[in-house]
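Undergrad: here is the input, now give the coordinates:
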Amino acid sequence: MPKIAEVEYTPNPNARKFVLKEPLTWGIARSYENAEAAAGDALAAALFEIEHVTNVYYVDHWITVTQDGTAQWDALLRELAVPIREAPAADARSTQTVAAAAAMRSDMDETTSARLDRINALLDEQIRPFLQNDGGNLEVIDLTETELTVHYQGACGSCPSSTAGTLSAIENIVRTIEPDLQVVAV
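TA: Purely as a prediction, here's the structure:
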């Protein structure tokens, strides 16, 4: 059962980041944009049962919950704390899932895999730490010859600055290694 160390504001006024003393996963991000998508995840499903919750994102030692903008945070935080505290801490299954994800990537051709590695290294260094600090993240969905498709998670998923300023910054950074690459958020 993870204990909540603190609750942080994010740049998105409709999202709060819970920092935990124990991890929920080991390197596996879980992102849900509605209750239907969260059906197989006990923690996310319990959070979506709480009125006003519109998005749940968690990885390692933190979880970000986004609301619809109509709830008072003081009351909502107390409700959200219950299922978060009741959630089991990470176990060996997290490690197995990470290994399975790495195996799926083995289907990529060598050139695309190398390009993706370079792009992810750049994102890990210059973009993701800032998004994670704000209660969100960025997942690469697809990479073609001319386009990088990304998906914002957590607080970044519904934050106005993600779809404008941050996306432009990502494209500028990625273009330092691939000048013709377009970045598209989905």
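Undergrad: kindly export stretch 118-137 (C-alpha atoms) in PDB.
TA: C-alpha atoms of stretch 118-137 as PDB (Å, rounded to 0.1, in the frame of the first residue of the first chain):
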ATOM      1  CA  ARG A 118      18.300   8.400 -30.700                       C
ATOM      2  CA  ILE A 119      15.000  10.300 -30.600                       C
ATOM      3  CA  ASN A 120      14.100   8.700 -27.200                       C
ATOM      4  CA  ALA A 121      17.500   9.500 -25.800                       C
ATOM      5  CA  LEU A 122      17.000  13.100 -26.800                       C
ATOM      6  CA  LEU A 123      13.400  13.100 -25.300                       C
ATOM      7  CA  ASP A 124      14.700  11.500 -22.100                       C
ATOM      8  CA  GLU A 125      17.300  14.100 -21.700                       C
ATOM      9  CA  GLN A 126      15.500  17.300 -22.700                       C
ATOM     10  CA  ILE A 127      11.800  16.800 -22.600                       C
ATOM     11  CA  ARG A 128      10.500  14.000 -20.400                       C
ATOM     12  CA  PRO A 129      12.000  15.100 -17.100                       C
ATOM     13  CA  PHE A 130      10.200  18.400 -17.300                       C
ATOM     14  CA  LEU A 131       6.900  16.700 -18.300                       C
ATOM     15  CA  GLN A 132       7.300  14.200 -15.500                       C
ATOM     16  CA  ASN A 133       8.000  16.900 -13.000                       C
ATOM     17  CA  ASP A 134       4.700  18.500 -14.000                       C
ATOM     18  CA  GLY A 135       2.800  15.200 -13.500                       C
ATOM     19  CA  GLY A 136       2.800  14.000 -17.100                       C
ATOM     20  CA  ASN A 137       4.900  12.300 -19.700                       C
END
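Undergrad: would you map the strands across this protein?
TA: For the chain, the strands defined by DSSP state E occupy 4-9, 15-20, 30-32, 53-59, 62-67, 136-143, 147-154, 182-185.
Undergrad: for those, give me TSV that also has mean pLDDT.
TA: As requested, the strands of the chain are exported to TSV (pLDDT from 0 to 100):
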stretch	mean pLDDT
strand 4-9	95
strand 15-20	95
strand 30-32	91
strand 53-59	94
strand 62-67	95
strand 136-143	84
strand 147-154	84
strand 182-185	88
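Undergrad: in the chain, where is pLDDT below threshold?
TA: Counting by pLDDT under 70, the ranges of the chain that qualify are 1, 91-107, 158, 160-164.
Undergrad: and with 50 instead?
TA: Residue ranges of the chain with pLDDT under 50: 92-93.
Undergrad: which residues in it form helices?
TA: With helices called from DSSP state H, the chain shows them at 42-48, 73-86, 92-105, 110-126, 128-133, 160-161, 167-174.
Undergrad: so Ile4 bridges to which residues?
TA: With DSSP bridges as the criterion, Ile4 is bridged to Leu20.
Undergrad: to Thr64, which of the helices of the chain lies closest?
TA: For the helices of the chain, proximity to Thr64 was assessed by Cβ to Cβ; helix 128-133 is nearest, at 9.5 Å. Heads up, the C-betas are built off the backbone N, CA and C, glycines and all.
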